[in-house]
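Colleague: please find the sequence and the predicted model below.
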Amino acid sequence: MYFKSAFLFSMMVSAMALPTTTMMEKTKRQANILQVQDYVQFQISDGVGGNALAEVQAKFPIDESNLASVSSQDLAIIKAARKTAENAETRGGGFNEAIANAGGTNTPQGRILQVGKIKNKVLKLKLFALSLQIDQARGRDVADKLADTLTKLNKNVELDRASAGQPSRGVNFQGSSQP
């Protein structure tokens, strides 16, 4: 009799504990893994073309297998870094201005900056896609914007791969990933 009661009790406790453990695993937040950095620290445009996506993933090592668990602080840093990368492309002192000042993409210096600009676009678009995927994992409806962003990202990853081994240079743009 005692054995049956103990056995039944342990089975009930086990059955009740299982869903709780699973639920806790799903909602467990990743620790804050990113730090606020200046653009020159997280930019990937210097070097050579061809490996921009891997360079972004090395600078922003987010566990993409559980995006809902990314901390709010890390998401804010990702969004701020994306905005800074966009500004480094279009604002004064950024790639568009530097390429124009170099005489366009048909000059040797302009081509090197253009390879850097494509790498910067991969940075910007990967961070934007990542932030949208995190938002989506948290229940926001961003499917259309995400699909558009992934299309642009894939196009620029291919452009980067086409420039594999070519010299690449960034710009000395002032900005940070400070939310």
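Modeller: Cool, the structure landed.
Colleague: beyond the helix or strand bottoming out on mean pLDDT in the chain, next helix or strand please.
Modeller: Sorted by mean pLDDT, DSSP states H and E, the helices and strands of the chain end with helix 2-27, the least confident at a mean of 45. Next helix or strand after helix 2-27 toward the C-terminus (DSSP states H and E): helix 39-42.
Colleague: break down the protein into its strands, ranges please.
Modeller: With DSSP state E as the criterion, the chain has strands at 47-48, 167-168.
Colleague: buried deepest among the ones you listed, which one?
Modeller: strand 167-168 (a mean of 20; mean count of other CB atoms under 10 Å). Any C-beta I mention is one placed from the backbone N, CA and C, and that applies to glycine too.
Colleague: what about Arg140, how many neighbours?
Modeller: 12 (other CB atoms under 10 Å).
Colleague: need the contact list for the residue nearest to Tyr39 when sequence neighbours are not counted.
Modeller: Spatial nearest neighbour of Tyr39, excluding adjacent residues (CB to CB, 6 or more residues apart in numbering): Gly175 at 4.4 Å. Going by CB atoms under 8 Å, 6 or more residues apart in numbering, Gly175 touches 38-39, 84, 87-88.
Colleague: dump the residue contacts of the residue nearest the centre of the chain.
Modeller: Nearest residue to the geometric centre of the chain (CA atoms, centre = their mean): Leu127, 3.2 Å. With contact taken as CB under 8 Å, 6+ apart, Leu127 is in contact with 56, 60, 78-79, 81-82, 85.
Colleague: do the same with Ala162
Modeller: Per CB under 8 Å, 6+ apart, neighbours of Ala162: Gly49.
Colleague: and if you look at the one 5 residues further on?
Modeller: Shown here is Pro167, whose contacts under the criterion CB under 8 Å, 6+ apart are 47-49, 112, 115.
Colleague: which pLDDT value goes with it?
Modeller: The score at Pro167 is 98. That number is its pLDDT.
Colleague: that one bridge partners, please.
Modeller: As for beta bridges, Pro167 partners with Val48 under DSSP bridges.
Colleague: roughly how far does it sit from Ala129?
Modeller: As judged by CB to CB, to the nearest Å, Pro167 and Ala129 stand 27 Å apart.
Colleague: check Arg91 too.
Modeller: With CB to CB as the criterion, Arg91 and Ala129 are 22 Å apart.
Colleague: check contacts around the residue nearest to Gln35 when sequence neighbours are not counted.
Modeller: Nearest residue to Gln35, sequence neighbours excluded (CB to CB, 6+ apart): Ile77, at 7.6 Å. Neighbour list for Ile77: 34-36, 177, 179 [criterion: CB under 8 Å, 6+ apart].
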